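A.B. asks: Give me coordinates for this.
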Amino acid sequence: GGSFKLSYYNEYKSYLSMESTKRRRLYSNEDLLPKDDETKGSHIKEESTELILKTEKDDIENHSEYTKNMPDSKVEVKQEFSDDSDEEMKPQLKSGFSESELKYKSRNCPYLDTIQRAILDFDFEKLCSVSLSNLNVYACLICGKYFQGRGRTTHAYTHSVHENHHVFLNLKTLKAYCLPDNYEIIDATLEDIKYVLKPTFTKEEIVSMRFAHKVCRALDGTSYYQGIQGLNNIKANDYMNVILMSLCHVCPLREFFLDERNYDNVKLPPGSIMFPLIQRFGDLMRKLWNPRNFRSHISPHEMLQAVVLCSKKRFQFTKQGDPIPFLSWLLNSLHYTLTGGKIKKSSVVFDTFQGKMKVHTRKVPPPGERGVGKEYETTTTTSPFLYLMLNLPPAPLFTEDGDHNIIPQIPIYKLLEKYNNVSEVEHKTYDATYLRRFEITELPRYLVLSIKRFTENRFFVEKNPTIVNFPVSFDMAEYIDPVVSDKYSSTEYNLLANICHDGKATDGTYSVHLNLTSAGLWFDVQDLHVTKLQPQMITLSESYIQIYERGDVSTYKQQENKME
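C.D. replies: As a prediction, the model looks like this:
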């Protein structure tokens, strides 16, 4: 085999070196010459020099003739590279092949048919499986494992020799190499793997997602709609999955994060650790909307690691959490990162979700007092909001004859009366009681409603099972001032995502109902399970968070305009 030929060639090369040394000693020994015959000595020196050059030339010709008969062998290189960087070096130094041989092998690699696309998974962190380093990491396209480096002393080189796996892909530069021969592979059949690792979208493709939908097929034959794929629940991160899935279907966020150039040059304050958040969120967005995925599901492992890091372990994927605090933190963190730490600056997040309201507050006098004084006057403050909290009535305390709990129902219009600038909501502090009225002065493009189902005290968390009846679309005009409603061409909101909670308060599960507006279909997504859903079944669930799309910016209106 090649190893035997290589060892034989090394012995042959040592023999040539030894013979050349003997010749130099023989013909350069001046002690054998007469000291008084300088002319004759110089003449012999010239002849010996010519003989040495001719002998070395013959050795080189024999060496080249020998290497022609060794197509599988590798010429030994004096300069070795312990760690392989992608700096520009001569191909002869990197692989040991001549330039012509290198070009031929680069375009005719014999190991491309050993690639196993079905087991490739680029969703996890890009770390070497041996050294756990994230520098210069390569993916073995045969077994799917990650290894560091490409030189002779690296883990990737060792893996290629021990396991007979030869095709590796650099996870950063997207260049493929054959090891241990160490030459770059140039072949069009690797483009699908590179696209799965780093999908890219043109502006035309991004805009077309508003109106057109694609039915894609994975390698195992499973069909899925573009943008509708299950997210892996690693342990207890379903409360994060439903938020991430919902935000990935918000049109302005999708169009912004599908193009990496929109946030690639963000400048953050010194010492900030928030940049991985937008980077991983953009990666997840592109993977979810990739029509060429090898699998019909995605693992958000990199995004979850970024959440744990940037939130300083406030949100964990090993312990069940509440989606509302996570949604609030995620939106504010994305805005903070995109604006470079300047909170008052505008961003795509606040342009999409932020609205404004006036809060009118007055203090309630104690019993027996008239409440005269400046402290009892009504004060008005303007406050921005990213979501509206809807308060449910208290759960019933009694049961029916069959010991079944009475589950009340309430329409969502009743809950929205909290923001009609008429109803007052009681707010208690440790020393006083206040009454507040809420007046919406600016409607957001995407309205997020949160139904307060959980009540927490010192001992336990209690869930309110009241079912909220809501339509797929409703008008906010009756809850805002006519002067405000005249600013907008439409105040109607269409349901885009509905997040539900099933089970007990402490160990329940979360799922999301998604509206694929380009296809006019509803899907129920719970971790890896994706099923089609009838719109009539949505209102039967215990809704927790809802995301609505305003009519003048929604894809419904855009579809109608396009058809007209």
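A.B. asks: Now do the helices for the stretch 401-550 of the chain: every range, in order, please.
C.D. replies: In chain order, the stretch 401-550 of the chain shows helices spanning 412-416, 482-485, with DSSP state H, counting those that start in this stretch as the criterion.
A.B. asks: just the stretch 51-200 of the chain next, same as before
C.D. replies: Chain-ordered helices for the stretch 51-200 of the chain, with DSSP H, counting those that start in this stretch as the definition, fall at 91-95, 99-107, 155-163, 191-197.
A.B. asks: now the ones you listed in TSV, with mean neighbour count, mean pLDDT and distance to residue 115?
C.D. replies: (Each C-beta comes from the backbone N, C-alpha and C, glycine too.) Rendered in TSV, the data for the helices of the stretch 51-200 of the chain read as follows (neighbours: other C-beta atoms under 10 Å; pLDDT from 0 to 100; distance: least, C-beta to C-beta, whole Å):
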stretch	mean neighbour count	mean pLDDT	distance to residue 115
helix 91-95	18	44	20
helix 99-107	14	80	16
helix 155-163	18	95	14
helix 191-197	16	95	8
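A.B. asks: Rebuild those as JSON lines, extending it with distance to residue 122.
C.D. replies: Compiled in JSON lines, the helices of the stretch 51-200 of the chain are given as follows (distance: least, C-beta to C-beta, whole Å):
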{"stretch": "helix 91-95", "distance to residue 122": "26"}
{"stretch": "helix 99-107", "distance to residue 122": "23"}
{"stretch": "helix 155-163", "distance to residue 122": "16"}
{"stretch": "helix 191-197", "distance to residue 122": "5"}
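A.B. asks: Tell me which of those helices sits nearest to residue 172.
C.D. replies: For the helices of the stretch 51-200 of the chain, distance to residue 172 was read as C-beta to C-beta. The smallest value, 9.9 Å, belongs to helix 191-197.
A.B. asks: what packs against that closest one?
C.D. replies: Helices and strands touching helix 191-197, as assessed by 3 or more C-beta pairs under 8 Å, 6 or more residues apart in numbering; DSSP states H and E, comprise strand 167-170.
A.B. asks: do you know which of the helices of the stretch 51-200 of the chain lies nearest residue 119?
C.D. replies: Evaluated with C-beta to C-beta, the helices of the stretch 51-200 of the chain place helix 191-197 nearest to residue 119, the distance being 11.9 Å.
A.B. asks: Using CSV, write out every CA atom in the helix or strand just after that closest one.
C.D. replies: The first helix or strand that comes after helix 191-197 along the chain, using DSSP states H and E, is helix 203-208. The C-alpha coordinates for helix 203-208 follow below in CSV (Å, rounded to 0.1, in the frame of the first residue of the first chain):
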residue,chain,number,x,y,z
LYS,A,203,-34.0,39.9,-1.7
GLU,A,204,-36.4,38.4,-4.2
GLU,A,205,-36.6,35.1,-2.2
ILE,A,206,-37.2,37.0,1.0
VAL,A,207,-40.0,39.1,-0.4
SER,A,208,-41.7,36.1,-2.2
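A.B. asks: any idea how far the residue lying closest to residue 219 once chain neighbours are set aside lies from residue 396?
C.D. replies: Nearest non-adjacent residue to residue 219, counting by C-beta to C-beta, 6 or more residues apart in numbering: residue 294, 4.9 Å away. To residue 396, residue 294 is 51 Å away according to C-beta to C-beta, to the nearest Å.
A.B. asks: between the two, which one's more packed in?
C.D. replies: The residue with more neighbours, out of residue 294 and residue 396 and counting by other C-beta atoms under 10 Å, is residue 294; that gives 17 against 14.
A.B. asks: secondary structure element for that one?
C.D. replies: Using DSSP H and E, no helix or strand contains residue 294.
A.B. asks: need the contact list for it.
C.D. replies: Under the criterion of C-beta atoms under 8 Å, 6 or more residues apart in numbering, the contact list for residue 294 reads 117, 118, 120, 196, 218, 219.
A.B. asks: 10 Å instead, please
C.D. replies: Listed by C-beta atoms under 10 Å, 6 or more residues apart in numbering, the contact partners of residue 294 are 117, 118, 119, 120, 121, 122, 192, 193, 196, 218, 219, 220.
A.B. asks: Show me which of those are buried.
C.D. replies: Buried members of the contacts of residue 294, counted by 16 or more other C-beta atoms under 10 Å: 120, 122, 193, 196, 218.
A.B. asks: what's the distance between the second one and residue 248?
C.D. replies: What it means is residue 122. Between residue 122 and residue 248 the distance is 18 Å, computed by C-beta to C-beta.
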